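sequence? don't have it. structure:
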């Protein structure tokens, strides 16, 4: 992580360094650093699906579910085929934001995009119990 931090201090617009620093910080549970690095990665490359997704995950883990949902909504608007973002957004709506109708919409989209999603059984169970 120190090498990535050095690289970003030399070149603040260095997307790859911000992105990799954000990943490493997230994996080591350094959420303040993950938030900052992922936000800078998104700023450096706003079209990056991975940077926006990782920023949303960092926001979710740092207990900013509404902000995480905002990032995920933007991601699925720009990339409607992004199943992992729909799944994470559905989970936020179902588990933290108490918006089951929105969770349903995104869970159904996950199943449309990938009927064999690893969590397809759990999604179907949730859909059956939350009509």
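In hand now; what should we look at? Source: prediction; values computed, not measured. Numbering: from 1, shown residues only.

Could you point out the helix or strand that follows the helix or strand bottoming out on mean pLDDT in the chain?
Within the chain, judged by mean pLDDT, DSSP states H and E, the helix or strand with the poorest mean is helix 2-10; its value is a mean of 81. Downstream of helix 2-10, the next assigned helix or strand under DSSP states H and E is helix 15-27.

tell me the angle of that next one relative to helix 2-10?
Using axes from the mean of the first three to the mean of the last three C-alpha atoms, to 10 degrees, the direction of helix 15-27 lies 140 degrees away from that of helix 2-10.

sorry, back to before: the least confident helix or strand of the chain packs against which elements?
helix 15-27, helix 31-44 (3 or more C-beta pairs under 8 Å, 6 or more residues apart in numbering; DSSP states H and E). All C-beta spots, glycine's among them, are computed from the backbone N, C-alpha and C.

tally of neighbours for the closest residue to residue 124 other than its chain neighbours?
Leaving out its chain neighbours, the residue that sits closest to residue 124 by C-beta to C-beta, 6 or more residues apart in numbering is residue 111, at 7.5 Å. By other C-beta atoms under 10 Å, 18 other residues sit near residue 111.

host element of residue 111?
Assigned by DSSP H and E, residue 111 belongs to helix 100-113.
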